[in-house]
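Novice: what's the 3D shape of this:
(one chain, ligands or ions: 3)
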Amino acid sequence: MAGLTGHPVLEIGDKFEELQNNIINNNKNKEVIDKARLVVKGEENSNNNNNNQGGERDMAPPTSNSLHRSGSRPQLDLSKAAIQGNSEERDPTILLPNQSDDISHFALDIGGSLIKLVYFSRHEGQSIDDKRKKTVKEISNGSRRSYPILGGRLHFVKFETSKLNECLDFISSKQLHNGRIDSHYWNSEATNKENAVIKATGGGAYKFADLFKERLGVSIDKEDEMDCLVAGANFLLKAIRHEAFTHMEGHKEFVQIDHNDLFPYLLVNVGSGVSMIKVDGDGKFQRVSGTNVGGGTYWGLGRLLTKCNSFDELLELSQRGDNRTIDMLVGDIYGGMDYSKIGLSASTIASSFGKAISDKKELEDHRPEDISLSLLRMISYNIGQISYLNALRFGLKRIFFGGFFIRGHAYTMDTISFAVHFWSQGQAQAMFLRHEGFLGALGAFMSYEKLGLDDLMVHQLVERFPMGAPYTGGKIHGPPLGNLNEKISWMEKFVLKGTEITAPVPMAPPGTTGLGGFEVPSSKGGTLRSDASALNVGVLHLVPTLEVFPLLANPKMYEPNTIDLSDHCELEYWFTVLSEHLPDLVDKAVASEGGTGDAKRRGDAFARAFSAHLARLMEEPAAYGKLGLANLLELREECLREFQFLDAYRSIKQRENEVSLAVLPDLLMELDRMDEEARLLTLIEGVLAANIFDWGSRACVDLYHKGTIIDIYRMSRNKMQRPWRVDDFDLFRERMLGSEGKKPRPHKRALLFVDNSGADVVLGMLPLARELLRRGTEVVLVANSLPALNDVTAMELPDIVAEAAKHCDILRRAAEAGGLLVDAMTNTLDGSKENCSSVPLMVVENGCGSPCIDLRQVSSELASAAKHADLIILEGMGRALHTNFNAWFKCEALKLAMVKNQRLAEKLIKGEIYDCVCRYEPAS
Ligand SMILES: Nc1ncnc2c1ncn2[C@@H]1O[C@H](COP(=O)(O)OP(=O)(O)O)[C@@H](O)[C@H]1O
Ligand SMILES: CC(C)(COP(=O)(O)O)[C@@H](O)C(=O)NCCC(=O)O
Ligand SMILES: [Mn+2]
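Specialist: Ligands and ions are numbered 1, 2, ... in the order given. Sure, this is the predicted structure:
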């Protein structure tokens with residue numbers, strides 16, 4: 001093995017190949033089959049010291065890239081392509097004027113300071129794999145809904161109003177105004193460009209209407225600003241799970257809003273000026289007050305006083321400021337003492353800018369930092385106070401603050417929260433919105449009739465954080481959405497700028513503001529979160545076919561994540577795990593795309609994008625909503641897809657499937673020789689043992705570098721001695737086989753949530769499925785809709801099942817009954833054409849592309865399949881431990897996993913790495 005360690009990952013691949021060749025070329029290769037039998041019986045190998053993880057094996061030399069390239073990348077329309085801006089610049093933006101991206105709609109909010117644009121891009125309709133059509137039909141029993149709206153993404157972009165031209169360029173570069181509109185779903189009048197009408201709100205909808213007609217040839221349909229603000233806020237509060245949050249003393253906490261208890265509330269929109277609106281329901285509201293001292297005041301006065309060039313610069317200055325040099329404090333007036341009789345401490349601001357009256361100092365003698373902070377505090381307190389007074393006036397307890405003045409800035413939010421809390425003595429609560437600045441634009445977007453958006457439910461919206469979808473306008477525009485090249489150079493540019501990506505939102509340790517005073521800023525310092533990094537507001541995916549899993553015992557209380565990453569130590573640990581895994585993942589991803597220069601460049605961009613997200617989340621864990629481990633793992637998959645790595649483990653999965661399928665017949669024979677009780681135990685052991693084949697676990701990847709599949713499997717089997725760390729097997733056996741001679745009724749339908757490809761599904765879950773089928777239980781294999789790590793997908797399963805069915809009548813008949821075998825008759829071993837008397841074996845997709853599963857958002861076909869199920873089997877760390885470990889179901893549930901991470905083992909089951917979980921829960 002010495003000298004051959006250049007590409008250790010490939011070495012094991014070769015070993016697979018070698019093994020596979022052995023099996024294929026010499027079908028009855030005794031050694032291999034004996035080993036497979038050993039596995040089944042759980043015997044130890046006498047020749048080999050067990051647990052030999054030392055890796056003293058002969059390894060074949062690494063092969064070069066045998067993996068093939070995906071042909072599924074979309075073609076770009078490069079006609080009339082031109083470099084935009086300075087062509088001397090490195091990686092200049094390329095404009096592709098003729099590239100269309102199915103953009104259907106957009107709406108604008110053109111305010112005094114900023115233009116906000118919301119646009120929608122449609123998902124390509126995903127067709128169901130032929131082999132699953134029958135299953136889907138059977139399961140949904142003809143009741144598949146036809147959805148009024150298509151899936152797609154909502155994007156959020158802003159521009160400075162003074163740079164309206166940039167906005168117009170952006171619209172025309174993305175061809176937003178010429179969006180292809182599907183007349184089945186969208187209002188078709190707009191398909192004619194001449195009559196194209198776009199919805200817009202804000203003063204600019206009036207002011208610039210002619211310019212839009214002139215430049216883009218579109219008419220503006222003006223929507224009332226207040227209507228839009230309220231519609232936008234109501235939509236966000238109802239449709240986005242983690243939209244609203246409180247922010248006190250540097251601490252951000254998401255608020256779960258009960259839809260039935262949302263109204264009334266006070267909406268305070270802090271834009272250039274401030275509007276205060278009492279909202280009583282959808283479309284039911286009254287503008288009750290406002291103030292002219294708002295965001296425009298801060299930015300305008302601030303610019304005059306500090307000579308700052310941008311709003312962000314002004315805000316950043318404030319973070320290094322000390323307002324005591326310029327504000328007059330109670331202590332300044334009372335000789336350093338509190339005025340405790342009325343509850344004012346010495347450090348309370350008595351008069352903002354009060355010290356500037358001193359004739360000893362001119363403007364130049366004051367630090368711009370101090371001026372900015374003083375101004376920010378003055379305006380934020382003032383807004384907080386007026387808001388409180390209006391809440392008091394109408395007896396409102398909740399105040400939601402929106403508008404771009406807030407800008408996700410911790411100190412601004414703390415200051416407003418403090419004011420509301422202070423004046424209301426804790427009776428009213430200030431809350432902020434993640435899409436703070438886009439309320440009006442969203443409202444205008446919603447005003448397109450027949451969109452059906454107002455019917456969207458929380459579970460139909462999934463938030464994603466892609467790179468390259470620019471959040472701000474300005475320089476970053478040009479190529480249409482989805483242009484990979486743009487995304488890549490986007491990442492390259494950001495890394496050049498370096499700090500922007502990791503720039504944190506200041507999060508100082510919590511401090512106290514003390515009795516009665518607006519005194520100590522609690523979260524100040526550091527640098528301002530980079531707005532331009534496009535990391536702060538996610539793109540909302542509308543997936544109308546997602547549903548809540550109907551078997552959740554208590555959907556309202558359900559929390560998918562077992563590990564809460566708001567604990568910083570926990571976050572740091574998983575951050576390290578994922579960072580360390582990154583080089584290996586990039587290698588795999590690049591190899592899966594043929595290892596070309598282009599693939600390498602994309603791999604690099606992916607690594608940068610994902611690292612940037614991780615860095616951002618380390619600084620502010622709640623930046624993208626409540627953060628759990630499942631979200632991080634999903635984010636990684638999303639980033640891969642963003643750079644068009646559609647299946648990084650494609651060939652690894654294929655090889656592992658082939659190797660495992662080759663030993664399956666022997667395994668089945670061995671199982672069939674056992675009595676029912678021994679067989680059930682062996683089957684569960686088999687599932688647990690085979691769950692070791694996990695390319696997402698660092699420990700397992702290390703194992704792959706050291707041994708062959710058989711070594712690993714053997715090691716895994718050696719760990720199988722009962723009792724397992726969590727061992728409810730006896731309970732499960734009793735439910736399945738009964739006790740004292742009483743045979744319980746078999747389950748009607750079992751949903752098996754499968755995990756990894758290869759041994760995991762072929763040698764673990766399929767034999768278990770077969771056992772259930774044999775007992776007369778219908779089996780639905782639930783697999784990922786999209787690839788994630790080495791997980792098997794719903795698309796891949798029918799072929800695997802078909803291959804397995806060649807050697808097994810039970811599987812064959814069940815697969816036929818479930819519509820999985822289209823041409824099964826010709827492929828069977830004996831060619832016999834029996835009737836489909838079997839219960840069906842079916843495959844459904846789960847609606848996700850992650851190693852974990854959030855059961856609040858599953859595919860409608862899974863939801864339909866679940867209706868008749870009385871047993872759920874969740875398998876693997878991602879689905880049974882990281883998520884759903886604590887979930888309760890209306891039916892029986894079996895959670896099976898091998899823990900392939902030391903820390904998780906300690907934390908969750910007080911055990912060790914490679915310990916197993918077999919948790920059986922009766923219906924609750
Ligand atoms: N990049 C920016 N440029 C200008 N102002 C900004 C920026 N980011 C945040 N702001 C703040 O947001 C305010 C505008 O908020 P917004 O909700 O867009 O209101 P409007 O609709 O009146 O433009 C500005 O007055 C300023 O205080
Ligand atoms: C990504 C996974 C959840 C996949 O596990 P599986 O569901 O396949 O059993 C798991 O590999 C994991 O938690 N990996 C990160 C931890 C580690 O490397 O130890
Ligand atoms: Mn997995």
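Novice: rest of the way, CA atoms for contacts and neighbours
Specialist: Noted.
Novice: helix, strand or coil for residue 266?
Specialist: Three-state assignment for residue 266 (DSSP: H, G, I helix; E, B strand; the rest coil): strand.
Novice: for it, list each beta-bridge partner.
Specialist: Here residue 266 sits in beta bridges with residue 278, residue 399, as judged by DSSP bridges.
Novice: how about it, what does it touch?
Specialist: 276-279, 391, 396, 398-400 (C-alpha atoms under 8 Å, 6 or more residues apart in numbering).
Novice: make it 10 Å
Specialist: 276-280, 285-288, 387-388, 390-391, 394-401, 430 (C-alpha atoms under 10 Å, 6 or more residues apart in numbering).
Novice: same check on residue 685?
Specialist: Contact analysis of residue 685 by C-alpha under 10 Å, 6+ apart lists 40-42, 679, 691, 716-717, 719-722, 724, 764, 896, 916, 918.
Novice: that older thread, now, of the contacts of residue 266, which are buried?
Specialist: For the contacts of residue 266, a burial check counting by 16 or more other C-alpha atoms under 10 Å picks out 276-279, 285, 288, 387-388, 390-391, 396-401, 430.
Novice: where does the stretch 751-900 of the chain get nearest to ligand 1, which residue?
Specialist: Closest to ligand 1 within the stretch 751-900 of the chain is residue 857: 31.8 Å, counting by C-alpha to the nearest ligand atom.
Novice: what about that residue, neighbour count?
Specialist: By other C-alpha atoms under 10 Å, 22 other residues sit near residue 857.
Novice: and the pLDDT at it?
Specialist: Per-residue pLDDT puts residue 857 at 92.
Novice: quick one on the thing from earlier: so which of the contacts of residue 266 are in helices?
Specialist: When these are checked against helices (DSSP state H), the matches are 387-388, 390-391, 394.
Novice: can you list the weak-confidence ranges in the stretch 801-924 of the chain?
Specialist: Counting by pLDDT under 70, the low-confidence segments of the stretch 801-924 of the chain come to 822-836.
Novice: list phi and psi for the residue in it that ligand 3 sits nearest to.
Specialist: In the stretch 801-924 of the chain, the residue that lies nearest ligand 3 is residue 851 (5.2 Å; C-alpha to the ion). In terms of degrees, to the nearest 10, the main-chain angles of residue 851 are phi -70, psi -10.
Novice: and the one 4 residues further on, by the same measure?
Specialist: Here the main-chain torsion angles of residue 855 (degrees, to the nearest 10) amount to phi -80, psi 0.
Novice: okay, now the unreliable bits of the protein?
Specialist: Applying pLDDT under 70 to the chain flags residues 1-104, 122-151, 179-195, 449-456, 463-483, 486-487, 489-539, 710, 822-836.
Novice: surely residue 595 touches residue 645?
Specialist: No. Judged on C-alpha atoms under 10 Å, residue 595 makes no contact with residue 645 at a distance of 11.7 Å.
Novice: in terms of neighbours, single out the busier of these two.
Specialist: Using other C-alpha under 10 Å, the more surrounded residue of residue 595 and residue 645 is residue 645, with 25 against 21.
Novice: look up how far ligand 3 lies from that one.
Specialist: As judged by C-alpha to the ion, to the nearest Å, residue 645 and ligand 3 stand 17 Å apart.
Novice: surely that residue is within a strand?
Specialist: No. Per three-state DSSP, residue 645 lies outside any strand segment and is coil.
Novice: could you say which helix or strand holds residue 300?
Specialist: Secondary structure assigned from DSSP states H and E places residue 300 in helix 295-306.
Novice: could you do residue 108 as well?
Specialist: If you go by DSSP H and E, residue 108 is part of strand 103-110.
Novice: quickly run through the sheet partners of that strand, with directions.
Specialist: Strand 103-110 has the following strand partners under DSSP bridges: strand 114-122 (antiparallel), strand 197-201 (parallel).
Novice: for ligand 3, what are the nearby residues on the stretch 51-200 of the chain?
Specialist: Within the stretch 51-200 of the chain, no position is adjacent to ligand 3 by C-alpha under 5 Å from the ion.
Novice: what sits closest to residue 589 if chain neighbours are left out?
Specialist: Closest residue to residue 589 apart from its sequence neighbours, by C-alpha to C-alpha, 6 or more residues apart in numbering: residue 648 at 4.2 Å.
Novice: backbone dihedrals for the one you found, please?
Specialist: Per-residue torsions, residue 648: phi -60, psi -30 (degrees, to the nearest 10).
Novice: distance check, residue 869 against residue 276.
Specialist: Distance, residue 869 to residue 276, using C-alpha to C-alpha, to the nearest Å: 50 Å.
Novice: my bad, residue 346
Specialist: For residue 346, the distance to residue 276 - C-alpha to C-alpha - is 32 Å.
Novice: and what of residue 794?
Specialist: 50 Å.
Novice: please look at residue 808 and residue 661 and confirm they touch.
Specialist: No. Residue 808 is not in contact with residue 661 according to C-alpha under 10 Å; the separation is 11.6 Å.
Novice: higher neighbour count, those two?
Specialist: Taking neighbours as other C-alpha under 10 Å, residue 808 and residue 661 compare with residue 661 leading, 23 against 18.
Novice: so which elements touch the helix or strand hosting that one?
Specialist: In this structure, residue 661 is located in helix 650-672 according to DSSP H and E. Packing partners of helix 650-672 (3 or more C-alpha pairs under 10 Å, 6 or more residues apart in numbering; DSSP states H and E): helix 8-25, helix 30-41, helix 568-592, helix 676-690, helix 709-718, helix 759, helix 766-774, helix 797-805.
Novice: do that again at 8 Å, thanks
Specialist: helix 8-25, helix 30-41, helix 676-690, helix 759, helix 797-805 (3 or more C-alpha pairs under 8 Å, 6 or more residues apart in numbering; DSSP states H and E).
Novice: what's around residue 644, how many residues?
Specialist: Neighbour count for residue 644, taken as other C-alpha under 10 Å: 22.
Novice: quick one, phi/psi of it?
Specialist: Dihedral angles of residue 644 (phi, psi; degrees, to the nearest 10) stand at phi 60, psi 40.
Novice: how far away is it from residue 485?
Specialist: Counting by C-alpha to C-alpha, the separation of residue 644 from residue 485 is 11 Å.
Novice: try residue 872
Specialist: In this view, residue 872 and residue 485 are 43 Å apart by C-alpha to C-alpha.
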